[in-house]
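Q: model this:
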Amino acid sequence: KSGTNAFHGAAWEFHRNDNLNARSFFQSQKPQLIQNQYAAAAGGPIRRDRAFIFGTVEITDDRRQAAATTALPPTRAELAGDFSHLRGTRQLVNPFDNRPFPDNQIPAALFDTAARKVLEFVPAVTSGSVQALGATPRDSSLFMLRGDGHLTSKQTLIGHYYFQQNRIRNEGLAYGSNIAGWTSQAQGPRIQNAGISHNYALSPTLLNQLTLGYTRSFSLSTPTITRLPSELGMAGMPPYTDGGSPRFNVVGRFNLGSGGPVKFISNTYQVQEHVNWIRNRHTLKFGLEHLDVSFFQSFLGPPQFSFN
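A: A predicted model of the protein is given here:
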């Protein structure tokens with residue numbers, strides 16, 4: 001909004017935590033939540049009756065945890081190749097010769113090297129699901145500034161600038177994983193906008209408005225944990241991406257997700273011209289708008305393996 005001939009300002013703080021939160025039915029532990037938001041706004045004159053300024057700033061400091069309760073890791077018996085609990089409902093067969101495994105017992109000699117390595121990141125349980133927790137700190141800064149000037153009795157000039165920067169980290173739980181520790185992610189979206197508007201009352205019945213604007217969006221998402229296929233016993237497989245790890249999804253049991261670097265950049269230049277003309281009992285409006293939009297995006301995900 002516009003400033004005035006008197007200085008005015010305000011400040012506030014918002015706090016939220018998990019002290020009065022209840023854990024969900026499926027959670028064994030309540031996730032952490034500590035959120036603080038600080039803000040201030042002020043406006044006043046630069047030159048009395050001629051020029052004014054108004055600005056605001058807001059900072060968010062958010063320390064919370066993400067929680068996942070959908071993982072059903074393999075039991076200690078299953079990790080040893082013992083699937084006898086499926087007897088009578090499903091018969092496991094040897095994929096090399098299509099012969100059934102006696103009593104659904106898989107010999108350790110048939111365990112794949114890569115599978116052994118990947119399962120080191122999955123907790124072993126006696127039965128049931130596990131809860132995974134991961135820190136997801138979020139920081140945000142927002143700044144706005146506006147200036148108004150009365151050039152003459154018929155002309156006004158308005159300019160503004162807007163800036164918002166977010167920094168988000170998903171530590172231990174990211175990309176849809178429900179097992180803590182496999183992957184992490186860092187994100188940093190940023191938005192900027194600037195504009196200037198000139199208003200000219202050519203006559204009591206004719207008003208012209210010229211507006212120039214610019215908007216820029218930038219976002220970079222990167223995995224902060226990288227595991228090469230060779231580290232997981234997958235010899236001969238290239239990494240494909242500049243970061244991230246292979247993805248493994250065991251349907252109905254657990255998901256080890258990951259992702260590659262993703263960059264997004266958008267620039268928009270805008271010109272608007274508006275004319276308002278009052279003619280007797282009629283109001284006529286004319287105008288034009290020109291947009292110049294550039295867009296860039298790059299993304300490539302690591303290989304994914306699904307098992308059912």
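
Q: show the contacting residues for the nearest residue to L207 once chain neighbours are set aside.
A: Distances taken as Cβ to Cβ, 6 or more residues apart in numbering put N276 closest to L207, at 4.5 Å, once the chain neighbours are dropped. (C-beta placed from N, C-alpha, C; glycine too.) By Cβ atoms under 8 Å, 6 or more residues apart in numbering, the contact set of N276 is 206-207, 209, 283-285.

Q: okay, and N276 sits in which element?
A: Here N276, judged by DSSP states H and E, is contained in strand 262-279.

Q: so what are the sheet partners of that strand and their directions?
A: strand 206-223 (antiparallel), strand 282-299 (antiparallel) (DSSP bridges).

Q: now do the strands in the protein.
A: For the chain, the strands defined by DSSP state E cover 8-17, 33-47, 51-71, 130-135, 138-150, 155-172, 183-187, 190-203, 206-223, 247-250, 254-256, 262-279, 282-299, 304-307.

Q: and the first one, which strands flank it?
A: Based on DSSP bridges, the pairing partners of strand 8-17 within the sheet are strand 33-47 (antiparallel).

Q: averaged pLDDT, the strand it pairs with. What do you get?
A: For strand 33-47, the mean pLDDT works out to 95.

Q: list the buried residues of it.
A: 37, 41, 43, 45 (16 or more other Cβ atoms under 10 Å).

Q: for R216, state which of the residues you listed is nearest.
A: Among the buried residues of strand 33-47, A41 lies closest to R216 (Cβ to Cβ), at 23.8 Å.

Q: ok, now how distant is that closest one from L173?
A: Counting by Cβ to Cβ, to the nearest Å, the gap from A41 to L173 is 36 Å.

Q: over to D242?
A: From D242 over to L173 (counting by Cβ to Cβ), the distance is 22 Å.

Q: what is R247 paired to in the beta sheet?
A: Q304.

Q: looking at it, it is touching G260, isn't it?
A: No. At 10.4 Å, R247 does not count as touching G260 under the criterion of Cβ atoms under 8 Å.
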